[in-house]
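Asks: Prediction below, plus the sequence it came from.
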Amino acid sequence: MTTYTNASLLQYYNMHRGTNKTSLTLPEVVSVGCTVIAVDVMPKSITPLHWNDGFTDISINGVQYISYPGFMDNGFPNITEQKNITNDGITFTLSGIEQDNMVLALDGAYQNAKVNFMLVILNPADNSVLEYQTMYSGYVDYVSASANNQHDSIKNELEININSIWKKLDNDPKTLAANSVHQSMHPGDNFFSLLGILHAEQTWKYKS
């Protein structure tokens, strides 16, 4: 299990928990709020977008991730390796979207854009990035908008639905080989037994 020994992390944790630890596990780091989720949205034809769900902007490898606090409405799906591949997806909502981004989204600019979600560990002393790792990758399935400009209830939101990385299998079914055929040429090689069949009830959709 990965452990963390950054002095600022240890001081912050020990101050809040009344302990005297010399190393921390990831759950312990997460438990004191020293992490954020960062998101890359990489459309095919326009400039990539970068967000994080913290209260301030952060920088990762020179890329600025704009703050959108609390945009994750639900957690990451449980991803398991099994014979029937299901397309586990996630949905998140962005509030206060600029008008130009809203127009681009509803015009289909983000359709099939690659999306990466990263868990980012921050230094509690200066909010700098200590470490990050990709937790989930997928593709934009559809985007829907919700707007209300009434003076007593102003709302401007984008809901983005993300298909899992297994979307690639649905795009290229001709590359899938039956396990029995593969075994006839390569006895004992169970690689294609992991693929099995695509989920029969999965449908792909796009809203604009």
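Replies: That came in fine, so what should we check first?
Asks: Flag the helix or strand of this structure with the lowest per-element mean pLDDT.
Replies: strand 197-198 (a mean of 44; mean pLDDT, DSSP states H and E).
Asks: Which strands or helices does the top strand by length along the chain pack on?
Replies: Longest strand of the chain, by residue count under DSSP state E: strand 129-150. Helices and strands touching strand 129-150, by 3 or more Cβ pairs under 8 Å, 6 or more residues apart in numbering; DSSP states H and E, are strand 35-42, strand 58-60, helix 99-106, strand 114-122, strand 153-164, helix 167-171. Glycine gets a C-beta too; all of them are placed from N, C-alpha and C.
Asks: quick one: which of these is nearest residue 90?
Replies: Counting by Cβ to Cβ, residue 90 lies closest to strand 153-164 out of those; the figure is 5.2 Å.
Asks: Could I get the average pLDDT for that closest one?
Replies: The pLDDT scores in strand 153-164 average 77.
Asks: That one pairs with which strands?
Replies: Using DSSP bridges, the strands paired with strand 153-164 are strand 90-95 (antiparallel), strand 129-150 (antiparallel).
Asks: want to throw these into a markdown table with mean neighbour count?
Replies: Below are the strands paired with strand 153-164 laid out as a markdown table (neighbours: other Cβ atoms under 10 Å):
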| stretch | mean neighbour count |
| --- | --- |
| strand 90-95 | 18 |
| strand 129-150 | 16 |
